[in-house]
Every structure is written in structure tokens, then in C-alpha cells.
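Visitor: Sequence and predicted model, in that order:
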Amino acid sequence: MKRTNSSDNRSLLGQIIKIEQIPPQICIPNRVNPPHVYQRVLPQMNEFGNVIVGQSELAPNPPVNQLTSTNLSLVSATRLGQAPLLNTIPNAGNPPFMPKREPAQVIGLGTGNVGYSQRAPNLPVNQLTSTNIGLISPTINTIDQPRLTQQMFPVAIAAISSNDLETAMKIVGVKSIEELAYSIDVTGTTLLAYAAEYGRAKPIRILLNKVLDPQQLMQKRNNKNCTPLILAAIFGHAKAITTILQGVSNPQQLAEQWDGAGITALINAAINGHVGVITSIFSGVSNPQQLAEQQDNGGSTALMYAAYNGYVEVIASIFSGVSNPQQLAEKQDKSGQTALFSAIHSYVSTLVITKILESVDDAEKLIFQIDNKGLNSFTYALRQGNVEAALLLFDKANDKASLLLKTNSPNQLAAIKMMKPEIQDIFLKKYNEPNH
């Protein structure tokens, strides 16, 4: 081909360019011979199933024996089994595209930041056969290939909400409902996970009614190890939670699943203060007590997080949904501390402490329960310098002599000796009051 100057370049739209054959010895990219990249236009789909043109991205050259068309009208969506436009293996040099919407990061109870966990592989997917539209048995590796884009999600969900699964399959570029349900983007997000994150209950119900194994589909995790149920809980979508739990065969098992930090849907709801989600979860499972006692990697329960964050209504919702509030309140983390300790530690309103003590049958036992260092809630409050909490616990305790003057615990005695003189005067005055 004759070389031309830049001023003589012509538009090549509609022309077919034959790529010159490259000698085999230099076809393998390496550091000396890095792969050449060119601008390729990423296809997008509108709500009518037509192809539209989006932003261009860098992608590796196609095989040298293929013909490349620059005619934009010939661009089509990637089909199952074909190579995606971007590298499918995210790494430090090619990080996966992440959606803009992220959950709030929460400071954990001695375990660091709580939120999304590290990437984990999706749960195994057996060979699937759809009897709805065609007979397809895609392999595990084929199903797990990213094919969805952020632009496809809303239009595909809209089509599913209208019960137009044919259009949804055309948008995504698949031939069966099973492929549609298990299709993912580069973050491992399925259409169901997207619908759960945004609280779209109707498409969730429609897809769960169409697939062969709703339980298996709802257990599929994204790259951050979150199930659709966990995503719905994080963002506070109670109706989506109800729809998910009603659409699977074992709601209890699904609700007990956690992310890489051991955070369940219930714990996420407690962390974010979603009372309605907690009610929906308890209503949809067979054993709320067992679910409420489930602990994360640091040993914290949903009640401990609610107490730590000062959510009185969440605490009330959790206690009202379980069969044994006393047992739940006495649950200890890896430091031997209960939800009462969590409330003291974070200096939340004394209303939180009051709500916990009023929700159990034996508040005295809970006050005197000690942690791994031998401190009960009262002496722990003194150690923390939380005078308001200490005064409240002192008032609530019946055996004030044992609470303040117990001599067989060096840690308790040391805590009292550590009190500032003015604080000692407060407690001595209260202890000497006639009604005490």
C-alpha cells in the first residue's frame, strides 16, 4: 500500500482493510515486543435491541488472518464464547471497572473497616439447561465470561420488568434465560445483583420464577464476595429482601451466608440502621434467633453493631424478632465483650444502654457479666472514662455493694482506684443516699 502524508489521509469508513500477515516469530507479545493496541468502539444496546456506539476503549488487535471493518453499522454485541473487548483477568495493571455506587465504610468493633470484602471466586455453577427458550448447556467457564456493561443493566432490567425476556436476551446477547440470569459484568455482578442493589423487586421475582435453580442463582457472588441478598441489605431495600427470600427454597441458608469479613445481610442491615430490612429478614427465615447470634470474623453480632452505632430502633427490632433476648444480649465477641460493652465503648446515648437492659429478663446478670480481662460493664465504663454510662449502670444494679466494693477481683479494685477523686465522690455520695 502506498504511504501517504497526513494531509492526504482519507476516511476509511465502509472500506475493508486487509491486515498484513506478520511473521509467526514476532506474533507472541512480550516485554521486548509488547502487543499493539488500537481504538475499538464498544457496542452498547438501546431499549429496542439496536446497537449504538459508546466510548472507545483500547483493545488488543484481532487475529492477523481476519478482516477488520471500520464501518460502524457492522458493530455487534459480543456473543457468548467470544473474547470480550477487555482483558477478563483483572490485575494491578488492568484493574476491573467498578460501579460508581459504593456502600458506606463503617468502622468495625476492633476489626478495622467493615464493608465489602476482598474478591473471591463465584460459587460453582453446574451445567445448566433451559427449557424456556431453546436447549442450551453452557459450560462453567463460558457463563463466567463478562458480557454485561453498565449501559446494558438498566435497559435489560426494564425489559425484564415488562416481562419481555426476548428483548432482554437480545440486549445481553444470549439465547436462553439461564444464560441471561447468570451473565455478569467485569465486577462479577449479575442482573439479579444489580436489581437487588437498586431495589427492583419485580425483575427479581420474574427471573427467580424462570430459572431452574433460584437458590443457586441467589448464592452467586460478585468479585467482592457479596450475594444479591447482602447488596439489598446494604442499600436498605426491604421489599427486594422479601422477594428474594420468598423466591428460594432455603431462605435460612441464604440469609446465613456472609462476605469475606463474615458480614451477613442482617449484620449489614444493623450497621446501616435499616430497621425495615431487619424485619423483612426475620419474617423470611425459619430461625431468627440463630441468625441474630451469627458472628462476624471479630465475633461481633448484629446487636453489637447496632449498640455501637447507637441505633435504638434497630436494637428494639432485633430483640423483638428473636425468641431469647437474654441469650442474644449475653453473646460475647472475641474479647469477651457483649453488646452492652459496645454501647459503653462508643459513648453513645445512655438510651441505648437503657434499651438493652429493659429488653432482657435479667439485667443484673448482664451488668455483672465480665469480659476476658475480668471487667464487668460498670468497671469497664470507669476504665473508659464514660461516667454517664457508669452512673446509669450503678443506678440499674441492685447489688451496689458487690458492684462497687467487690474485693476478689483485682481488675475491678484497680478500676475503682483509678477513678479521679471527684468521680469517687459522686459514687460515694450516691451509694450513701437513703434509698440505696
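Guide: Okay, I see it.

Visitor: Let me know the helix or strand that residue 402 is in.
Guide: Using DSSP states H and E, residue 402 maps to helix 400-405.

Visitor: neighbours around residue 372, how many?
Guide: 11 (other CB atoms under 10 Å). No exception for glycine: its C-beta is placed from N, CA and C like everyone else's.

Visitor: Disregarding residues adjacent in the polypeptide, which is nearest to it?
Guide: residue 336 (3.7 Å; CB to CB, 6 or more residues apart in numbering).

Visitor: Quick one: end-to-end length of stretch 255-275, please.
Guide: End-to-end distance of stretch 255-275 (CA to CA, to the nearest Å): 16 Å.

Visitor: right, I mislabeled it, should have said stretch 330-349
Guide: 20 Å.

Visitor: which residues are contacting that stretch?
Guide: Stretch 330-349 is contacted by residues 109-110, 293, 295, 298-301, 303-310, 312, 315, 329, 352-353, 356-357, 365-367, 369-373, 377, 380-381, 384, 386, 389 when judged by CB atoms under 8 Å, 6 or more residues apart in numbering.

Visitor: mind running it again at 6 Å?
Guide: 293, 299-301, 303-304, 307-308, 310, 329, 352-353, 356, 366, 371-372, 377, 380-381, 386, 389 (CB atoms under 6 Å, 6 or more residues apart in numbering).

Visitor: Over to stretch 251-271?
Guide: 106, 117-118, 120, 218, 225-227, 229-230, 233-234, 245, 248, 277-278, 281, 284-287, 291, 294, 296-297, 302, 305-306, 314.

Visitor: mind listing what's buried in it?
Guide: Buried residues in stretch 251-271, counted by 16 or more other CB atoms under 10 Å: 251, 254-259, 261-271.

Visitor: So, low pLDDT: which residues of the protein?
Guide: Residue ranges of the chain with pLDDT under 70: 1-146, 404-436.

Visitor: That one: strands as residue ranges?
Guide: 16-18, 37-45, 51-60, 67-69, 106-107, 113-114 (DSSP state E).

Visitor: re earlier: generate a PyMOL selection restricted to the buried subset of the contacts of stretch 251-271.
Guide: Restricted to buried positions by 16+ other CB under 10 Å, the PyMOL selection for the contacts of stretch 251-271 reads:
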select buried, resi 106+117+218+225+226+227+229+230+233+234+245+248+277+278+281+284+285+291+294+296+297+302+305+306+314
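
Visitor: Now, the contacts of stretch 330-349 that are in helices?
Guide: 303-304, 307-308, 329, 352-353, 356, 366, 377, 380-381, 389 (DSSP state H).

Visitor: out of those residues, who has the most neighbours?
Guide: In terms of neighbours by other CB under 10 Å, the ones in helices among the contacts of stretch 330-349 top out with residue 307 at 32 neighbours.

Visitor: who's in contact with residue 275?
Guide: Contacts of residue 275 by CB under 6 Å, 6+ apart are 313, 314, 317.

Visitor: Could you rerun that using 10 Å?
Guide: Residue 275 makes contact with 236, 238, 269, 306, 311, 313, 314, 315, 316, 317, 318, according to CB atoms under 10 Å, 6 or more residues apart in numbering.

Visitor: Distance of it relative to residue 283?
Guide: 13 Å (CB to CB, to the nearest Å).

Visitor: Overlap of the contact sets of those two?
Guide: The contact lists of residue 275 and residue 283 share residue 238, where a contact means CB under 10 Å, 6+ apart.

Visitor: Pull the most distant pair out of the ones in helices among the contacts of stretch 330-349.
Guide: 303 and 381 (18.5 Å; CB to CB).

Visitor: shouldn't residue 191 be in contact with residue 204?
Guide: Yes - using CB atoms under 10 Å, residue 191 is in contact with residue 204, at 9.2 Å.

Visitor: Find residues that contact each of those two.
Guide: 157, 160, 228.

Visitor: Surely residue 239 and residue 199 touch.
Guide: Yes - shown here, residue 239 and residue 199 form a contact pair, counting by CB under 10 Å, at 6.7 Å.

Visitor: Find the residues that touch each one of those two.
Guide: Common neighbours of residue 239 and residue 199, using CB under 10 Å, 6+ apart, are residue 232.

Visitor: Find the nearest non-adjacent residue to residue 218, please.
Guide: residue 248 (5.4 Å).

Visitor: Quick check: the one you found vs residue 254, distance?
Guide: 6 Å.

Visitor: and for those two, which residues touch both?
Guide: 214, 215, 218, 219, 229, 284.

Visitor: how about the fifth one, what does it touch?
Guide: So the one you mean is residue 229. Contacts of residue 229 (CB under 10 Å, 6+ apart): 192-193, 196, 218-219, 240-241, 244-245, 248, 251, 254-255, 257, 264-266, 268, 281, 284.

Visitor: With the third one instead?
Guide: The contact partners of residue 218, by CB under 10 Å, 6+ apart, come to 190, 192-193, 196, 204, 207-208, 211, 227-229, 244-245, 247-251, 254, 257.

Visitor: I figured residue 400 was touching residue 391, is that so?
Guide: No - the pair residue 400 / residue 391 is not scored as a contact, 11.8 Å apart, by CB under 10 Å.

Visitor: Please export the C-alpha coordinates of stretch 316-328 as CSV.
Guide: Output of stretch 316-328 as CSV, limited to C-alpha atoms (Å, rounded to 0.1, in the frame of the first residue of the first chain):
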residue,chain,number,x,y,z
ALA,A,316,-35.6,-2.9,69.5
SER,A,317,-36.3,-4.5,66.1
ILE,A,318,-33.6,-7.2,66.7
PHE,A,319,-34.8,-8.0,70.3
SER,A,320,-38.5,-8.2,69.1
GLY,A,321,-37.6,-10.6,66.4
VAL,A,322,-35.8,-13.3,68.4
SER,A,323,-37.1,-15.9,70.9
ASN,A,324,-34.4,-15.4,73.6
PRO,A,325,-33.3,-11.8,74.0
GLN,A,326,-31.3,-12.6,77.2
GLN,A,327,-29.2,-15.2,75.4
LEU,A,328,-28.5,-12.8,72.5
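
Visitor: who are the neighbours in contact with the nearest residue to residue 403 once chain neighbours are set aside?
Guide: Residue nearest to residue 403 in three dimensions, not counting chain neighbours: residue 397, with 4.7 Å by CB to CB, 6+ apart. Going by CB under 10 Å, 6+ apart, residue 397 touches 357, 363, 364, 367, 368, 376, 377, 378, 403, 404.

Visitor: Next, count neighbours for the third one.
Guide: Meaning residue 364. Counted with other CB under 10 Å, the neighbours of residue 364 add up to 15.
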